[in-house]
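Enquirer: Can you look at this prediction? I've put the sequence above it.
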Amino acid sequence: MNDTFIRACGGHSVDYTPIWIMRQAGRYLPEYKKVRSKVDFLTLCKTPELAAEVTIQPLDILGVDAAILFSDILIPIEPMGLDLKFLEKEGPVLSNPVRDSKSVENLRVINPDEDVPYVLETIRILSRELSTRVPLIGFSGAPFTLATYMIEGGSSKNFMNTKKMLFQHPGLFKELIEKISNMVISYLSAQIDAGVNAVQLFDSWAGVLAPVDYEAHIFPFVKNIIKKLRSKNIPVIYFVNNCAGLLHIAKESGADVTGVDWRIDMSAVAEEVGKTTSVQGNLDPCLLFSTKEHISEAAKSVLDKASALRGHIFNLGHGILPETPVDNAKALVDRVHELSSK
């Protein structure tokens, strides 16, 4: 197996900087759209053979250094008792949001083997298929990010209902976050037992919080999750979207790798993080709409600034966009490999 990604996670010497792309199995690939045209999104997530197929597609097309399980961060909250639907051009919708003590109390504690067996079977298939190729990354949403969807009933612009619960009913909010945290530990532990080689915790909406509230109400749960997962002896990545105001806190999560978005310059990341963790990131996804020359220049800038880090995994600062030209994504992967090759 090509273990360059795993070695970079641990800050070990590598022959080149590894790269994978968030949402690399997705709608920008014609091969993915062909599979997706046959089934709806949730069915694709819940059909192991199809989920494994689209997980592998970017390896063959782009030549990335890691695969990430094809699924969705909301998959494990459905068996907790949420009515989950994905609507075209609207995204996830939860028709029974969690906004009072009764709805928090009614949330089930899931058993991954029984409640999300399709996820674990997908991992087992991929573990066999990828055993001589590249590592497989499992993932979950972080507690706050999952809580926002559960409370808001979907995506949000201002997260008013989430913050109302946090500030008006902090005890209830803590109870919800604790329940979600226990689920995340169980869910990711089951993924590890099924065969993933690393896990990523996505805190996609952490950046909407003031640093003082993030540190007081969210970060202790993140640290506890990561502590429990690191006992499994595989790399843990903690990705904090919109992290510029939180990085001084997030770098102390205990994760092997801190993932950062594009809104902070990599030189500032290197100065803040130092040798605390390896770092993943952080090209603006929209740069992939530029020319190949500009993409190459931007990639070189990120690589140069990341050279002071303990370890670096190249990635976009968030998920690749559906309209992205495949040739440009492939060019990015090739240039990262070429520019960083020793």
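Expert: Alright, I've got the coordinates. If you're wondering where the values come from, they're calculated on a predicted model, not measured in any experiment. Numbering: from 1, shown residues only.
Enquirer: Give the buried residues for the helix or strand containing N224.
Expert: Taking DSSP states H and E as the criterion, N224 maps to helix 219-230. Across helix 219-230, burial judged by 16 or more other C-beta atoms under 10 Å covers 219, 221-222, 224-226, 228-229. Placement of C-beta: from N, CA and C, glycine included.
Enquirer: again, but for stretch 333-342
Expert: 333-337, 339-340.
Enquirer: between those residues, which is nearest E90?
Expert: V333 (31.4 Å; C-beta to C-beta).
Enquirer: The closest one and F167, how far apart?
Expert: Applying C-beta to C-beta, to the nearest Å, the value for V333 to F167 is 44 Å.
Enquirer: quick one, phi/psi of Q168?
Expert: As for Q168, its main-chain torsions (degrees, to the nearest 10) stand at phi -90, psi -30.
Enquirer: For it, list the residues it contacts.
Expert: Residues counted as contacts of Q168 (C-beta atoms under 8 Å, 6 or more residues apart in numbering): none.
Enquirer: And the pLDDT at it?
Expert: pLDDT for Q168: 98.
Enquirer: ok, now the one 10 residues further on?
Expert: The per-residue pLDDT reported for E178 equals 98.
Enquirer: doesn't it fall inside a helix?
Expert: Yes - assessed with DSSP: H, G, I helix; E, B strand; the rest coil, E178 lies in a helix.
Enquirer: For it, which residues are in contact?
Expert: Contacts of E178 by C-beta under 8 Å, 6+ apart are F221.
Enquirer: again, but for the one 4 residues further on
Expert: Each residue near N182 by C-beta under 8 Å, 6+ apart is listed here: V109.
Enquirer: Please apply the same query to D100.
Expert: Contacts of D100 by C-beta under 8 Å, 6+ apart are L172.
Enquirer: what do you get for A299?
Expert: 283, 314, 332, 335-336, 339.
Enquirer: Name the helix or strand for it, please.
Expert: helix 292-306.
Enquirer: wait, A306 sits on V279?
Expert: Yes - counting by C-beta atoms under 8 Å, a contact exists between A306 and V279, whose distance comes to 6.5 Å.
Enquirer: Mutual contacts of the two, please.
Expert: Joint contacts of A306 and V279 (C-beta under 8 Å, 6+ apart) are 266, 269-270, 312.
Enquirer: Between the buried residues of helix 219-230, which sits nearest V54?
Expert: Distances from V54 to these, taken by C-beta to C-beta, are shortest for L229, at 25.4 Å.
Enquirer: G195 versus that closest one, what's the distance?
Expert: Taken as C-beta to C-beta, the span from L229 to G195 is 15 Å.
Enquirer: residue boundaries of the strands in the stretch 151-300 of the chain?
Expert: 198-203, 236-240, 257-260, 278-283 (DSSP state E, counting those that start in this stretch).
Enquirer: Make JSON lines out of the ones you listed and add distance to N96 and mean neighbour count.
Expert: Below are those laid out as JSON lines (distance: least, C-beta to C-beta, whole Å; neighbours: other C-beta atoms under 10 Å):
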{"stretch": "strand 198-203", "distance to N96": "23", "mean neighbour count": "24"}
{"stretch": "strand 236-240", "distance to N96": "28", "mean neighbour count": "26"}
{"stretch": "strand 257-260", "distance to N96": "31", "mean neighbour count": "27"}
{"stretch": "strand 278-283", "distance to N96": "35", "mean neighbour count": "26"}
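Enquirer: Can you say which of the ones you listed is nearest to L44?
Expert: Counting by C-beta to C-beta, L44 lies closest to strand 198-203 out of the strands of the stretch 151-300 of the chain; the figure is 18.9 Å.
Enquirer: Summarise which helices and strands that closest one is packed against.
Expert: For strand 198-203, the elements it packs on are helix 4-9, strand 136-141, helix 143-152, helix 170-194, helix 219-230, strand 236-240, judged by 3 or more C-beta pairs under 8 Å, 6 or more residues apart in numbering; DSSP states H and E.
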